[in-house]
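> quick one: sequence and predicted model below, then my questions.
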Amino acid sequence: MTDDLFPGFASHWLDTQAGRIFARLGGSGPPVVLLHGFPQTHACFHRIAPALAQTNTVVCMDLRGYGWSSAPRSDAGHEAYSKRAMAFDVISVMEQLGHVRFAVVGHDRGARVGYRLALDHPGRVERLALLDILPTAEVWRRIEAGAMPAAHWGFLAQPEPGPEQQIGKDPLAYFRGLLTKWSGRGLDVFDPRALKAYDQSCNEPNRIHAFCEDYRAGATVDRTQDEADLAGLKRIACPVLIVWAEFYLTAGGKTADNETPLGVWHRTFAPHATGTHVATGHFVAEEDPEGTLAALTPFLGETP
């Protein structure tokens, strides 16, 4: 258990269409939900959630297929692990906890759920903070143009059961290898208790399959929905904050004309977004909680 990572937070298992979703709840004030990425769990927010809970009602949930949440069966169209489906989980969790409108902070895959939620349900999201991502359609465009390596995106999106079988030979080596590669200082940046939670979530066949389905959805249905919204000039209605890491500046985050992640969001889904750069690896909330909070706290506290 990772209870000691979230002192004073209550634990909840909430029934949704995906099955049971695990969430932690703490603090009081305007509600904000924190959504983790791959290959992590809600534990990735343990260094910022207590501080945010001083001024906000904070919900940290495990996405479907991750952590202690249910891993629903996949389908041929990968709809079960689309970000649109995961966004419905967020709505269900927040409604059951008493919140119809709320702020969203998402990292990595959780940020993809966050911006899809804001696009599909603009009346739900008060403000949106996206940590270290570009839009899914933009990532695939760059991969296909040779401007960004396919890396795990291409591998995990391969047809079943290829990636599952490869990862299944030594899951901890694979996932710990990604954590090491994407962080600024290897595994030392992670609290051992958080790292244990990630190990437990990754080291199980149904979870490995869920992770692959997450990326298969990204390569298919998520991308299609992004492209349709871009073609229709659909934009995020609420205030948006973009926080990106030095990781992006060395792994495809700038185009040949030095376009930053903020610039990408300006020309795609969030023309009025504000943003800041954090000098870390990919895991901004764990590698630089102070810098991440310095960006998030004033943004979440702004008067609408």
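Everything's here; your move.
> and the contacts of stretch 65-78?
Here stretch 65-78 makes contact (C-beta atoms under 8 Å, 6 or more residues apart in numbering) with 13, 18-22, 36, 38, 40-43, 61-64, 80-81, 89, 160, 197, 201, 206-207, 209-211, 213-214, 216-217, 220-221. Yep, even glycine has a C-beta here, placed from its N, CA and C like the rest.
> now do stretch 5-18
Contacts with stretch 5-18, where a contact means C-beta under 8 Å, 6+ apart, come from 3, 20-26, 43, 46, 49-50, 53, 58, 60, 64, 68-70, 72, 80, 85-86, 88-89, 92-93, 96-97, 191, 193-194, 197.
> just the buried residues of that stretch, please?
By 16 or more other C-beta atoms under 10 Å, the buried positions in stretch 5-18 come out as Leu5, Phe6, Phe9, His12, Leu14, Thr16, Ala18.
> among those, which lie within strands?
The strands, defined by DSSP state E, take in His12, Leu14, Thr16 from those.
> return the closest of these with respect to Ala151.
Ranked by distance to Ala151 (C-beta to C-beta), these are led by Thr16 at 31.2 Å.
> how about the helix or strand containing Thr224 as PDB, C-alpha atoms only?
If you go by DSSP states H and E, Thr224 is part of helix 221-231. Extracted in PDB, the C-alpha atoms of helix 221-231 (Å, rounded to 0.1, in the frame of the first residue of the first chain):
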ATOM      1  CA  VAL A 221      -9.200   6.000 -32.300                       C
ATOM      2  CA  ASP A 222      -7.500   8.700 -30.200                       C
ATOM      3  CA  ARG A 223      -5.600  10.000 -33.300                       C
ATOM      4  CA  THR A 224      -8.700   9.900 -35.400                       C
ATOM      5  CA  GLN A 225     -10.700  12.000 -32.900                       C
ATOM      6  CA  ASP A 226      -7.800  14.500 -32.600                       C
ATOM      7  CA  GLU A 227      -7.600  14.900 -36.300                       C
ATOM      8  CA  ALA A 228     -11.400  15.300 -36.600                       C
ATOM      9  CA  ASP A 229     -11.400  18.000 -34.000                       C
ATOM     10  CA  LEU A 230      -8.400  19.800 -35.600                       C
ATOM     11  CA  ALA A 231     -10.100  19.700 -39.000                       C
END
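> what is that helix packed up against?
Using 3 or more C-beta pairs under 8 Å, 6 or more residues apart in numbering; DSSP states H and E as the contact criterion, the secondary-structure elements in contact with helix 221-231 are helix 83-96, helix 109-120, helix 136-145.
> mean confidence for the longest one?
Read that as helix 83-96. Per-region confidence: helix 83-96 scores 98 on mean pLDDT.
> for the residue nearest the centre of the chain, give me its contacts.
Within the chain, the residue whose C-alpha comes closest to the C-alpha centroid is Gly110; the distance, by C-alpha atoms, centre = their mean, is 1.9 Å. For Gly110, the residues meeting the contact criterion (C-beta under 8 Å, 6+ apart) are Leu34, Leu35, His36, Gly37, Leu63.
> export the residues you listed to a markdown table and tack on neighbour count?
Output for these, formatted as a markdown table (neighbours: other C-beta atoms under 10 Å):
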| residue | neighbour count |
| --- | --- |
| Leu34 | 27 |
| Leu35 | 29 |
| His36 | 28 |
| Gly37 | 25 |
| Leu63 | 28 |
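> give me the subset of those that lies in strands.
Leu34, Leu35.
> which one of the contacts of Gly110 is nearest Ala150?
Among the contacts of Gly110, Gly37 lies closest to Ala150 (C-beta to C-beta), at 18.1 Å.
> quick check: buried residues in stretch 50-70?
Judged by neighbour count using 16+ other C-beta under 10 Å, the buried positions of stretch 50-70 are 50-53, 56-70.
> no wait, stretch 162-172
Taking 16+ other C-beta under 10 Å as the basis for neighbour counts, the residues of stretch 162-172 that come out buried are Pro163, Glu164, Ile167, Pro171.
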